[in-house]
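Novice: I'd like to go over a predicted model; first the sequence, then the structure.
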Amino acid sequence: MTQSNEAIGFIGLGVMGKSMARNLLKAGYEVFVYTRTKDKANDLLQLGAKWVKAPKDIAQNANVIISMVGYPSDVEEIYLGYDGLIENGKAGTYLIDMTTSTPSLAVRIAEEAKKKGMESLDAPVSGGDIGARDAKLTIMVGGDSEAFEAVRPIFDIMGSNVVHQGAAGSGQHTKMCNQIAIASNMIGVTEAISYAKKAGLDPDRVLQSISSGSAGSWSLSNLVPRMVKGDFEPGFYIKHFIKDMKIALDEAERMGMDAPGLSLSKSLYEGLADAGEENSGTQALYKHYN
């Protein structure tokens, strides 16, 4: 796929989606954008993006369509609704859902897309607002291997770690692995820095020591500095993390697997959401301890 013969549609311009679309524009692609609130697209329109009024209009203009929205219900409406992409799209279109959604929905979308001569890939991401901005996202892809190779150049513009995981739904399952690992890790890094503070240590000095050792993690290096500064703006919303953990717990239960660490993390974040923190970043778990 080259910039000269491909028009990309991008649906969802939130914390991460806007940066991802911007990187595609910078790479020279023609990009059609849609989001529920047009004002969110203004800076992209100034860079040359083209606004459309509905997802079905994206389907008429783009050869490759990417979605980065909030919830599985949004994904289902965008792809499978009467005014959706599959009903109104063209044969030969590549559909790429980068939302963290359910594996079963990814399989369903792929099956329906095939009936219309389209290819569908589930390609959730990790890396937050910083990864999206710097085009260093981890992208976990499920779907047909030939379709993956066809759009690989587009993935490479948005991410630095792009891996094809297998058949439809595999990308979403891999993202669940990612979220399960983060869920318990967030408890660990938050407790560690809270402990440092209560022990009278300088959290920045503690971070300097432990972030490069065996305790090191992305969350420790990237989110703890925000905690210490009192910066709880979302790189990734608590409300969306809760959604992801629920999907992971549902899948774990379906497979007969117990996930106590994930369950604990979900309960702590639900407590924060109930306290009005659902639109804060995941680093706001710090508030639970402080």
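Specialist: That came through, no problem. Numbers count the residues shown, from 1 in each chain.
Novice: low-confidence ranges in the stretch 1-150 of the chain?
Specialist: Within the stretch 1-150 of the chain, the stretches with pLDDT under 70 are 1-5.
Novice: show me the contacts for Val224.
Specialist: 189, 193, 203, 207, 211, 283 (CB atoms under 8 Å, 6 or more residues apart in numbering). In short, each C-beta sits where N, CA and C put it, glycine included.
Novice: could you rerun that using 10 Å?
Specialist: Counting by CB atoms under 10 Å, 6 or more residues apart in numbering, Val224 touches 189-190, 192-193, 196, 203-204, 206-207, 210-211, 217, 283, 286.
Novice: now those residues as CSV including distance to Arg108, pLDDT and neighbour count?
Specialist: CSV is the format used below for the contacts of Val224 (distance: CB to CB, whole Å; pLDDT from 0 to 100; neighbours: other CB atoms under 10 Å):
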residue, distance to Arg108, pLDDT, neighbour count
Val189, 36, 96, 26
Thr190, 37, 97, 25
Ala192, 41, 97, 17
Ile193, 42, 96, 25
Ala196, 47, 96, 20
Pro203, 46, 94, 18
Asp204, 48, 94, 13
Val206, 47, 96, 18
Leu207, 44, 95, 20
Ile210, 44, 96, 18
Ser211, 41, 94, 16
Ser217, 34, 94, 17
Gln283, 34, 97, 26
Tyr286, 38, 97, 24
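Novice: just these: which are in helices?
Specialist: 189-190, 192-193, 196, 203-204, 206-207, 210, 286 (DSSP state H).
Novice: could you export those residues as JSON lines, including distance to Lys40?
Specialist: Output for those, formatted as JSON lines (distance: CB to CB, whole Å):
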{"residue": "Val189", "distance to Lys40": "31"}
{"residue": "Thr190", "distance to Lys40": "30"}
{"residue": "Ala192", "distance to Lys40": "36"}
{"residue": "Ile193", "distance to Lys40": "33"}
{"residue": "Ala196", "distance to Lys40": "38"}
{"residue": "Pro203", "distance to Lys40": "34"}
{"residue": "Asp204", "distance to Lys40": "34"}
{"residue": "Val206", "distance to Lys40": "38"}
{"residue": "Leu207", "distance to Lys40": "34"}
{"residue": "Ile210", "distance to Lys40": "38"}
{"residue": "Tyr286", "distance to Lys40": "28"}
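Novice: now, which of the contacts of Val224 sits nearest Asp144?
Specialist: Nearest to Asp144 among those: Ser217, at 33.1 Å, using CB to CB.
Novice: so the closest residue to that closest one other than its chain neighbours: helix, strand or coil?
Specialist: Spatial nearest neighbour of Ser217, chain neighbours left out: Asn185 (5.5 Å); criterion: CB to CB, 6 or more residues apart in numbering. Counting by DSSP: H, G, I helix; E, B strand; the rest coil, the backbone at Asn185 sits in helix.
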